[in-house]
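> Just the structure for this:
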Amino acid sequence: MEQTKPYSFEKLNEVSLSKRLRIDGVEIKGIQAVEIKSDVSNVSQIEIRFIGKIKGLDDFSTRQ
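Down below sits the predicted model:
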């Protein structure tokens with residue numbers, strides 16, 4: 001029986017954890033938590049919680 005992969009991406013993100021968290025070369029700022037789950041499948045599951053301002057939501061002004 002063929003085993004199905006838990007992902008269907010043609011290109012997976014490259015993640016670097018040396019000094020700062022980078023995804024595909026872009027530094028992620030405002031990180032609150034990172035959880036990494038890895039097994040022998042040569043792919044890791046990474047959950048990142050970060051804070052940021054959402055354009056159109058957090059920059060909404062109540063002044064008219």
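> Check the separation of the first and last residues in stretch 36-43.
End-to-end distance for stretch 36-43: 11 Å, by CA to CA, to the nearest Å.
> Also stretch 37-44?
Length of stretch 37-44, first residue to last, CA to CA: 6 Å.
> who touches R20 in this structure?
When contacts are counted by CB atoms under 8 Å, 6 or more residues apart in numbering, R20 touches E27, I28. (Each C-beta comes from the backbone N, C-alpha and C, glycine too.)
> and it, helix, strand or coil?
Secondary structure for R20, judged by DSSP: H, G, I helix; E, B strand; the rest coil, is coil.
> Then I46?
Of the three states, I46 takes strand under three-state DSSP.
> Just give the nearest non-adjacent residue to the residue nearest the centre of the chain, would you?
Centroid-nearest residue in the chain: I48, 5.2 Å away (criterion: CA atoms, centre = their mean). Leaving aside its sequence neighbours, I48 sits nearest to V34 (CB to CB, 6 or more residues apart in numbering; 5.5 Å).
> do S44 as well
S38 (4.1 Å).
> Could you do K37 as well?
Here the residue nearest K37, using CB to CB, 6+ apart, is Q45, at 4.3 Å.
> check contacts around the one you found.
The contact partners of Q45, by CB under 8 Å, 6+ apart, come to I36, K37, S38.
> now K53
When contacts are counted by CB under 8 Å, 6+ apart, K53 is found next to D59.
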